[in-house]
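coords please:
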Amino acid sequence: MKRVLLDGRLLAPEDAHVAITDRGFLLGDGVFETMAVHNGRVFDLDAHLGRLACGLRTLGFAQAVDIAKLRTAIANYLACEEAASAVMRLTVTRGPGPRGLAPPEVPHPVILMTLAPMPPPRETPLSLHIATATRRNELSPLSRIKALPYLDNVLALSEARAHGADDALMLNTRGTIACGAAANIFAIRDGRLETPPLRDGALPGTLRALVLSLAGEAGLTAVEVSLDASALAGADHVFLTNSIIRLTEAAQCDGVPLQRQAGVAVNQLRALIASRFDAA
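Numbers count the residues shown, from 1 in each chain. Now for the predicted structure:
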């Protein structure tokens, strides 16, 4: 791993430490963003910082984080590390606090940035498993932000891997599909590009928003609609998206083959996404 940036200081990973009273460490009191670095810049940085700011407002300490300074720090960090292609993780915790749940009156956020190698593009479609051990609470405001507690997602992915699948699909409390363990899900059906609405517990993914905006250019009509296993089985094509995997197709769900009959539209979407990355 390259050097990390912790509260404005460039450090070797082994020299970066947070206080044992940090609320992110103790309570998961914070937010994060995972972002793609392409050609030396974070792709769609405005969208990521916008979602981060939304998360900070939800948790109640947005006033303690200067987003403009954060933007500058990201650019300086990438320049110092000469990062052309990488995965950047930005973590913001409320910082240290007294024992108990009540947050400190004056927060002192801890801001950590790390870089990791960009994984190679996946060459084979995903196998999916619908998680049964845990569900996504679409009624919680945390379903709409990238809060630090991600254990439901960890449990869902572990269950999927135990069943021999590559990734998990998470249901909400009503039993409809919300999202993947770390991605949004889309289905193409009769010229429609379908994805679960945010009210179903779908994370407002930055690439999700981009794909919805590009649907028309790929000859598709974007629709936010509840999905279940039968909807996936009857779809022409199924794929997942996030900033790192971009667009990755799925071939089966719980052992049931998924159709892949909209390859032209999927390839158009993939090319449109790539063009946006290259143009940014």
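
Would you mind giving both backbone torsions of residue 200?
phi -90, psi 0 (degrees, to the nearest 10).

I'd say it and residue 177 touch.
Yes - counting by CB atoms under 8 Å, residue 177 is a contact partner of residue 200 at 7.4 Å. In short, each C-beta sits where N, CA and C put it, glycine included.

where do the helices sit along the stretch 51-200 of the chain?
67-81, 151-162 (DSSP state H, counting those that start in this stretch).

So which bits of the longest one are buried?
Same thing as helix 67-81. Buried positions in helix 67-81, judged by neighbour count with 16 or more other CB atoms under 10 Å: 70, 73, 74, 77, 78, 81.

Among the residues you listed, which one sits closest to residue 213?
residue 74 (23.5 Å; CB to CB).

Roughly how far does the closest one sit from residue 90?
Here residue 74 is placed at a distance of 7 Å from residue 90 (CB to CB, to the nearest Å).

Please verify my assumption that residue 22 contacts residue 96.
Yes - the pair residue 22 and residue 96 qualifies as a contact (CB under 8 Å) at a distance of 5.5 Å.

hang on, the earlier thing: who's more crowded, residue 200 and residue 177?
residue 177 (26 against 22; other CB atoms under 10 Å).

Contacts only, for that one.
Counting by CB atoms under 8 Å, 6 or more residues apart in numbering, residue 177 makes contact with 130, 169-171, 185, 196, 200, 226-229, 231-232.

What is the most widely separated pair among those?
Among the contacts of residue 177, 170 and 231 lie farthest apart (CB to CB), at 15.2 Å.

Compare those two and say which is more crowded by neighbours.
Per other CB under 10 Å, whichever of residue 170 and residue 231 has more neighbours is residue 170, with 24 against 17.

Tell me what that one is bridged to.
residue 179 (DSSP bridges).

Check the gap between residue 35 and residue 51 for me.
For residue 35, the distance to residue 51 equals 10 Å [CB to CB].

Name the residue in those two with the higher neighbour count.
A count of neighbours by other CB under 10 Å puts residue 35 above the other of residue 35 and residue 51, at 25 against 20.

any common contacting residues for residue 74 and residue 90?
Common contacts of residue 74 and residue 90, defined by CB under 8 Å, 6+ apart, comprise residue 113.

Give the rounded mean pLDDT of the longest helix seen in the chain.
Scanning the chain for the longest helix, with DSSP state H as the assignment, gives helix 263-279. With pLDDT averaged residue by residue, helix 263-279 scores 97.

mind listing what's buried in it?
For helix 263-279, by 16+ other CB under 10 Å, it's 265, 266, 268, 269, 270, 272, 273, 276, 277.

What's the local residue count around residue 133?
When neighbours are counted by other CB under 10 Å, residue 133 comes out with 11.
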